[in-house]
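Enquirer: sequence unknown, structure follows:
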């Protein structure tokens, strides 16, 4: 809609401009434009192909002459709106000169009257144009103009049908013999369970839309594996996904479910030289049902013992240790409690599209202290699975002891570490069976407002959980028990406000929601302010060829193959107690060196950056990255009172193999840094900056302190080249075209 609105606005500017610049128009027409007369035009679309467009024009005055023009939209986009009228007439005058005609003779040959239907031919496939219609009477142009944007098809539709025979005799694979009616046209195939198809159909999706969505999902998966694909990789993807002529396709894999009905979709496709994919035929649906999986006599011995409020000892022993099986130990809710073991197992399979990842020979499962949700009935279940349930389903129900009273629970809080940007606390409840969520927020925030926003967030999580299909019967208690904490835990907060007092609020929960908010400590801590101490003056201490290192120092030859190993060294002032550094890829649309564009807080709170704590005596950082990649270095230090100094930022230019140094120097630097492990070498991530986001209740929620892992790179869309525009000084190529 946004694109259409923009095009409409451009068209409206063109129409208004045709009569709004009379002085400029006179210069090119060579006549006075006076008293524009009133005539309006109605334009109706006709047939569109890849190279033609048909239309009908109906003027309000059947006797008034008018002219029809069409022009490539890319041309109009380059012309300022105030110059459009002059531009159109000037281009027509060039056309007249190229035809060796006077302006009057040329114009008279373009005039039409009354209702007309015309077809424009020899257009470019997949291109957008604008049709402009305005009246001409003597020396007058009509006050109004008619206009219409139209776009040709990338490829013309084809009438393509498919003959399909299906072999489902093997429960682990299905073979489809596909014969298209057109042997030289590409076609696409996809399949998925019929219950999923029925849901999409009920939502209003057409078969073609489903095929497009499935292809989009496959392409996103390709981009995850190849974030910046080469032309050769794209061509390989296209050749694998789109077929030509008769083919035997085999649908197999762990995801294929036995005794299940599937729908397949077939459609003809066209792939342009710039890799635009268009479906060019009706989509043909079909279906098949996989064979039932043979049943086995494997049994499972389930044992549950030592049940407390929060833990139990569980074990599962199959009679055949090589049997692939699925097992679960989870709370029941009001719906799953009513199910038989067989219904429950089917529910587990139907709500988990990745169930095949769970099905393998677990041999003996033994958890002496399996975590439980207090006061909630649980189940322990196991069944053989080989594309379908292949054994009897075994299920054991049991009840953990009731949880303690959340209204009587108290908390002991220990401050572990407090800096300008981080607060770390150890929280110990008096009863480990009570769920709680701690909030740390500026004193200026409202306690009741935060409680309301937190509950609203939990309810949104519930809706998302139910809507995802993984747990359609989820209840609020399921979300609370998943997001809240049991027992002693260490927490860390970021997004704090330096120099301000902060409140600690610990909420306890029961199955209805918040049970108590009595642990409420305004002014619990004051966040340290800022320091002037810096970690600055980053220098490139070494540039080395990964192929020459080849694992001899870092013991990771595959990681450094065909890449540059970059060694950075930092200057640390005397008042710093801790120093940190990180490196990211340079982002094209963000000036990372400007704190006004990218504030320090955004850099520190970005979850995708990996920070290295440097040794104060040898402040080095080792980076491995592709040659020719621009990067940015960030570094900061904490004073002896844990106040953070400003973040220093330094651009690292794209390095080429000619910049490399003697590999022997890398070993000297490595020894100087006393780097004992290969984990010191890192890859620069593609930072995802979220500039301008305001604080929400999530900013005051902690994270449990665990090992921080770098996030995967952001998926970058494939860029497609623009169509080239060719012009010659000797040959006149009309930019404005008349329809006769």
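Expert: Done, it's in. Just so you know, these numbers come straight off a predicted model, no measurement behind them.
Enquirer: Okay, domains of this protein per the record?
Expert: If you go by automatic domain parsing, the domain ranges for the chain are 2-153, 162-289, 300-398, 411-526, 535-690.
Enquirer: pLDDT of the first one, averaged?
Expert: Going back to what we said before, that points to domain 2-153. Mean per-residue pLDDT for domain 2-153: 73.
Enquirer: which residues touch stretch 471-483?
Expert: Contacts with stretch 471-483, where a contact means C-beta atoms under 8 Å, 6 or more residues apart in numbering, come from 331, 333-336, 351, 373, 376, 435, 437, 458-459, 461-462, 465-466, 509, 511-513. For the C-beta atoms, the positions are set from N, CA and C on the backbone; glycine is no exception.
Enquirer: repeat for stretch 459-469
Expert: Under C-beta under 8 Å, 6+ apart, the answer for stretch 459-469 is 351, 471-476, 478-479, 483.
Enquirer: Out of those, list just those in helices.
Expert: Among the contacts of stretch 459-469, DSSP state H puts 476, 478-479, 483 in helices.
Enquirer: Relative to residue 529, which of those is nearest.
Expert: Within the ones in helices among the contacts of stretch 459-469, proximity to residue 529 (C-beta to C-beta) peaks at residue 483, which comes in at 32.4 Å.
Enquirer: right, so of the domains of the chain, which gets closest to residue 405?
Expert: domain 411-526 (7.5 Å).
Enquirer: Just the endpoints, please. Distance across the closest one?
Expert: End-to-end distance of domain 411-526 (C-alpha to C-alpha, to the nearest Å): 20 Å.
Enquirer: repeat for stretch 522-530
Expert: Termini of stretch 522-530 sit 22 Å apart (C-alpha to C-alpha).
Enquirer: Quick check: buried residues in the helix or strand harbouring residue 266?
Expert: Assessed by DSSP states H and E, residue 266 sits inside strand 261-271. By neighbour count on 16 or more other C-beta atoms under 10 Å, the buried set for strand 261-271 is 262-271.
Enquirer: Residue 532: how many residues sit nearby?
Expert: Using other C-beta atoms under 10 Å, residue 532 is surrounded by 10 other residues.
Enquirer: Let me see the contact set for it.
Expert: Remark: with contacts taken as C-beta under 8 Å, 6+ apart, residue 532 is in contact with 645-646.
Enquirer: now swap in residue 418 and tell me
Expert: Neighbouring residues of residue 418 by C-beta under 8 Å, 6+ apart: 424, 525, 527-528, 642.
Enquirer: Residue 112 versus that one, what's the distance?
Expert: To residue 112, residue 418 is 81 Å away according to C-beta to C-beta, to the nearest Å.
Enquirer: Tell me the one of the ones in helices among the contacts of stretch 459-469 nearest residue 394?
Expert: Among these, residue 478 lies closest to residue 394 (C-beta to C-beta), at 23.7 Å.
Enquirer: For the closest one, the count of nearby residues, please.
Expert: Per other C-beta under 10 Å, the neighbour tally for residue 478 reads 20.
Enquirer: cool, residue 611 as well?
Expert: Neighbourhood size, residue 611 [other C-beta under 10 Å]: 15.
Enquirer: Got the phi and psi for it?
Expert: The phi/psi pair for residue 611 (degrees, to the nearest 10) reads phi -100, psi 140.
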